[in-house]
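Q: Sequence first, then the predicted structure, then my questions.
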Amino acid sequence: MIKVLKNNFKNFDKITNKILKNGLKFCFALCIISVFILLTYILIFKSSYLYYIGINLFKFSLIFGIEFIICSFVVDKIKKQLI
């Protein structure tokens, strides 16, 4: 199963692969920002708003990253006319 996923990632078009990599970088940046917000909540300033912003941003970045992966598979399959 993992070998099939690796082969699918390697066989993406250049444009699809570029969009996937840039999207995952964006999601990773959002995740880092949310971690810093949560560290600020823990170490410096105890505010429930800061906690909820950090948690929701973290959830958003993970969901957005998974969407990039799934949509890249779908777009690649549509381009190759396999669906």
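A: Structure received. Numbering: from 1, shown residues only.
Q: Grab the longest helix from the protein for me.
A: helix 48-79 (DSSP state H).
Q: Check Cys31 and give its pLDDT.
A: Listed pLDDT for Cys31 reads 96.
Q: Now it: closest residue in space, sequence neighbours ignored.
A: Spatially, and ignoring its direct neighbours in sequence, Cys31 is nearest to Ser61 (4.3 Å; C-beta to C-beta, 6 or more residues apart in numbering). C-betas here are computed from N, CA, C, even on glycine.
Q: correct me, but that neighbour touches Ser34?
A: Yes. Using C-beta atoms under 8 Å, Ser61 is in contact with Ser34, at 6.2 Å.
Q: and Tyr51, what does it touch?
A: By C-beta atoms under 8 Å, 6 or more residues apart in numbering, the contact list for Tyr51 reads 38, 41.
Q: Same check on the one 10 residues further on?
A: Going by C-beta under 8 Å, 6+ apart, Ser61 touches 27-28, 30-31, 34.
Q: If we use 6 Å, what do you get?
A: Applying C-beta atoms under 6 Å, 6 or more residues apart in numbering, we find Ser61 in contact with 27, 30-31.
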